[in-house]
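Here is a sequence together with a model predicted from it:
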Amino acid sequence: MSKPFALLQELSAGLADLVTGVGNSIVGVRLGRSRSSGFVWKPGLIVTADEPLSDEGELSVTLPDGNVVATQLVGRDPTTDIALLRVENHDLQPFSMSPATVLVGALVLAVGVDDGAPTASLGVVSRAAGPWRSARGGEIDVRIELNLRLRPSAEGGLVLNMEAQAIGMSVVGPRRRVLVIPSSTIDHVAGKLEGHGRIPRGYLGLGLHPVVVDNDKEWGAMVMSVDPSGPGALAGFHQGDILMFWNGEQVQGLRPLLRALGPDSVGQTVRVGIRRAGKTHEVPLTIGERPST
């Protein structure tokens, strides 16, 4: 056998070994007509993609041995597309995540499940960049895009590098682009879901609308409504107030304010410069936790 064919055979055997090695940690997830994949994060706990769980119906998991069991939704975070499930009394094998460095052009393998059988898609990392924020406001540690074709049922499965390390979970982003939710984000978010069932988000209790003041020279956010029991009301905000400064920085619209209300903002006290009756003064505001809906 010539050397090129021998190398291809070696690669083929190695890819098959990767799928076999992770097979006891990959499960199928079913909700109504939706089919996706998940993986065992901790004993009895399964991480999967949140987006496919938008259907209605009974939630179940197909285990690696083919048995279908009911499962409990522990918590979900649509902003990072991570959901956590619990399966009781089953000896499932967790697959450890890796904070491995991801390089553009590196080969990766996305492993999932379809009708109880393993699936695999081979591709390359087409983009690897720094931290980013999803369209729903979730903070994700690394932006990883893949050039591969992912079966719908494989969404929520593991993405492996060629060293058999799980670098994250495969999800489908805007324009059907395949993205990876990295291991560090999964561990952070799933850990909070395990402990609290949801990810806390900052809450002001204010309905805001962007406005331009001072002859179109400065941006602000006008208070259109006030939750009587919310943090804004407790701080003395009134309808018609205009938020001009946030911790000393000029308010540049609503999006930066929303970014400032991440999970770590709950309980923080910020200095808000507001304009009322033509005068600007500073008000301390303690950020609350957004109520469950």
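Yep, that arrived. Numbers count the residues shown, from 1 in each chain.

which residue ends up closest to the midpoint of this structure in space?
A centroid search over the chain (C-alpha atoms, centre = their mean) returns Thr80, at 1.3 Å, as the residue closest to the centre.

Quick check: nearest residue in space to that one, chain neighbours excluded?
Gly138 (3.7 Å; C-beta to C-beta, 6 or more residues apart in numbering). Any C-beta I mention is one placed from the backbone N, CA and C, and that applies to glycine too.

and that neighbour, how many neighbours?
Gly138 is flanked by 21 other residues according to other C-beta atoms under 10 Å.

what residues are up against it?
Asp77, Pro78, Thr79, Thr80, Asp81 (C-beta atoms under 8 Å, 6 or more residues apart in numbering).

Pull out the buried residues from the helix or strand containing Leu73.
Element membership of Leu73 [criterion: DSSP states H and E] is strand 72-77. Within strand 72-77, the residues that count as buried by 16 or more other C-beta atoms under 10 Å are Leu73, Val74, Gly75, Arg76, Asp77.

now the residue lying closest to the second one once chain neighbours are set aside, which residues is it bridged with?
Going back to what we said before, that points to Val74. Take Val74 and drop its neighbours on the chain: the residue closest to it by C-beta to C-beta, 6+ apart is Leu84, 4.2 Å away. Taking DSSP bridges as the rule, Leu84 bridges to Val47, Gly75.

one step back: verify the stated contact: the residue nearest to the centre of the chain with Glu139.
Yes - under the criterion of C-beta atoms under 8 Å, Thr80 makes contact with Glu139 at 7.5 Å.

residues in contact with the longest helix along the chain?
The longest helix of the chain (DSSP state H) is helix 3-22. The contact list for helix 3-22, computed with C-beta under 8 Å, 6+ apart, reads 1, 39, 95, 109, 111, 118, 120, 122, 158, 160, 162, 164, 166.

from those, which two are the most distant?
Greatest spatial distance among the contacts of helix 3-22 (C-beta to C-beta): Met1 and Phe39, at 35.9 Å.

on that earlier part again, relative to Ser96, how far out is the residue nearest to the centre of the chain?
For Thr80, the distance to Ser96 equals 20 Å [C-beta to C-beta, to the nearest Å].

Could you list the low-pLDDT ranges of the stretch 151-293 of the chain?
215-216, 293 (pLDDT under 70).

mind listing the helices for it?
Assigned by DSSP state H, counting those that start in this stretch, the stretch 151-293 of the chain shows helices spanning 183-196, 231-234, 254-259.

got the angle between the longest one and strand 72-77?
Meaning helix 183-196. 120 degrees (axes from the mean of the first three to the mean of the last three C-alpha atoms, to 10 degrees).

Contacts for helix 183-196 next, please.
By C-beta under 8 Å, 6+ apart, the list of residues contacting helix 183-196 reads 41-42, 45, 47, 74-77, 80, 82-84, 97-99, 139-142, 166-169, 198-200, 263.

Would you mark the buried spots in stretch 55-68?
Leu59, Val61, Thr62, Leu63, Pro64.
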